[in-house]
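Visitor: Give me a 3D structure for the following:
(one chain, ligands or ions: 1)
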Amino acid sequence: MKILVFGATGMLGKALMGRAKDDDVVGLGSAQADIRNPEQVAEVVSEAAPDWIVLSAAYTDVDGCELNPTLASTVNTHGAANVAKVAAQAHSRLLFISTDYVFDGNNTTPYETTDPRAPINEYGKSKAEAEERISRILPDSCIVRTSWLFGPGGKSFPDTILKLAGARPQLEIVNDQRGCPTYTGDLADTILRLTRADARGIVHATNRGDCTWYEFACEILRQQGLNTVVRATTSDKFVRPAARPKYSVLAPRSLTAHGIQMRPWQETLSEYFALRAAAG
Ligand SMILES: NC(=O)c1ccc[n+]([C@@H]2O[C@H](COP(=O)([O-])OP(=O)(O)OC[C@H]3O[C@@H](n4cnc5c(N)ncnc54)[C@H](OP(=O)(O)O)[C@@H]3O)[C@@H](O)[C@H]2O)c1
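Guide: Sure, this is the predicted structure:
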């Protein structure tokens, strides 16, 4: 299978490039092809002639998107539509990486793929609009929503917590946002399986189980044998430009329908820490 990855220089993109050993994979960062530029996208797709395009590229700074909604929409919505149009012309399948932030967070039970999109910030809006445009341009595309990514080579919550724990005797972490931590290596494997399964439509793909950021931090410290005191706090104590959904747990039904089950997020942390230790 020939796969072209846009966003290969990002956190998830690096995991995809590392895991796609059995496939013929070409990975591009923004320097090789800016998705805002349709000619550049057409040129690299024509050169690679991929069976699948994985579109992981995005402007992912959630607060940055809030402060610069034009950039958010130019990259995340129009850029994604550019890739979908070129994929349609080239007869390549498209797998688009989307986000739990397309939901408003008012649910109290896991979000199904059929729940309506209702983003509460500019990043979520730009990705929700991308989903809608892509579905219209390429009805057989696969839209993979994921959440709370962590892994090597990116801005990772476990790293932030360990750094803070090294510098402070006590941490305050928000306990009123609930989601599903997801390890980029596991998600990369899942994405590759979905391409082989010829998946289409919306799929929710996260590691199993959910937690708040406070609970996530406690587990990180527990697994590292650290006894730093962690106090639960609320989001209103950390005012940030973009609002975050209070609850963005994604139901796994659409993934298990493809015969795929991702492991509990707690299990992936130990693998991540082992990799981190090996890297020094
Ligand atoms: N991080 C999360 O917690 C999370 C949660 C849910 C969904 N997602 C989604 O998962 C995907 C991957 O996220 P990530 O955390 O791996 O992202 P990331 O580390 O921020 O990487 C973003 C990637 O997008 C590329 N990119 C940015 N602007 C571009 C442009 N104009 N043209 C072409 N490429 C561009 C970057 O290329 P350069 O570095 O070369 O500029 C980089 O490879 C994104 O679609 C994101 O929306 C992320």
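Visitor: Residue 247 and residue 278: what is the separation?
Guide: Distance, residue 247 to residue 278, using CB to CB, to the nearest Å: 35 Å. C-beta here means a position set from N, CA and C on the backbone, and glycine is covered the same way.
Visitor: Between these two, which is the more surrounded one?
Guide: Ranked by neighbour count (other CB atoms under 10 Å), residue 247 and residue 278 place residue 247 first, with 20 against 7.
Visitor: Indicate whether stretch 108-120 makes contact with the ligand.
Guide: No: Stretch 108-120 lies apart from the ligand when judged by CB under 6 Å from any ligand atom; the minimum separation is 12.2 Å.
Visitor: Give me the distance from that stretch to the chain's centre.
Guide: Offset of stretch 108-120 from its chain centre (CA atoms, centre = their mean, to the nearest Å): 16 Å.
Visitor: so what's the residue in the chain that the ligand sits nearest to up against?
Guide: Residue of the chain nearest the ligand, by CB to the nearest ligand atom: residue 10 (2.1 Å). For residue 10, the contacting residues are 29, 56, 57, 58, 60, 154, by CB atoms under 8 Å, 6 or more residues apart in numbering.
Visitor: go on, residue 187?
Guide: Contacts of residue 187 by CB under 8 Å, 6+ apart are 12, 15, 146, 149, 205, 206, 262.
Visitor: tell me which element it falls in.
Guide: Take DSSP states H and E as the rule and residue 187 turns out to sit in helix 184-196.
Visitor: following that helix, which helix or strand shows up next?
Guide: Downstream of helix 184-196, the first helix or strand assigned by DSSP H and E is strand 201-204.
Visitor: what residues does the stretch 1-150 of the chain put near the ligand?
Guide: 6-7, 9-13, 29-31, 34-36, 56-60, 75, 79, 97, 99, 127, 146-149.
Visitor: Would you list the buried entries among these?
Guide: Burial by neighbour count, 16 or more other CB atoms under 10 Å: within these this picks out 6-7, 9-13, 30, 34-35, 56-60, 75, 79, 97, 99, 127, 146-149.
Visitor: which secondary structure element contains residue 176?
Guide: Going by DSSP H and E, residue 176 is not in any helix or strand.
Visitor: about what we covered before: now, which of the residues of the stretch 1-150 of the chain next to the ligand lie within strands?
Guide: Counting by DSSP state E, the part of these found in strands is 6, 97, 99, 146, 149.
Visitor: Reformat these as CSV; add distance to residue 159.
Guide: Shown next, in CSV, are these (distance: CB to CB, whole Å):
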residue, distance to residue 159
6, 25
97, 21
99, 21
146, 19
149, 13
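Visitor: Could you pull out the helices in this structure for me?
Guide: 11-19, 38-48, 62-67, 69-72, 80-90, 122-137, 157-167, 184-196, 213-223, 253-256, 265-279 (DSSP state H).
Visitor: My understanding was that residue 199 contacts residue 141; is that so?
Guide: No: look at residue 199 against residue 141 with CB atoms under 8 Å: they stay out of range, at 9.7 Å.
Visitor: Can you check which residues contact both of those two?
Guide: Joint contacts of residue 199 and residue 141 (CB under 8 Å, 6+ apart) are residue 95.
Visitor: Nearest residue to residue 198 in space, please, no chain neighbours.
Guide: Counting by CB to CB, 6 or more residues apart in numbering, the nearest residue to residue 198 once its immediate chain neighbours are dropped is residue 93, at 7.9 Å.
Visitor: Tell me, how many residues neighbour the one you found?
Guide: By the criterion of other CB under 10 Å, residue 93 has 20 neighbours.
Visitor: So residue 74 sits against residue 34, correct?
Guide: No: taking contacts as CB under 8 Å, residue 74 lies outside contact range of residue 34: 10.2 Å.
Visitor: is the residue nearest to residue 233 when sequence neighbours are not counted in a bridge, and if so with what?
Guide: In this structure, residue 233 finds its nearest non-sequential neighbour in residue 172, 4.5 Å apart by CB to CB, 6+ apart. For residue 172, the beta-bridge partners are residue 231 (DSSP bridges).
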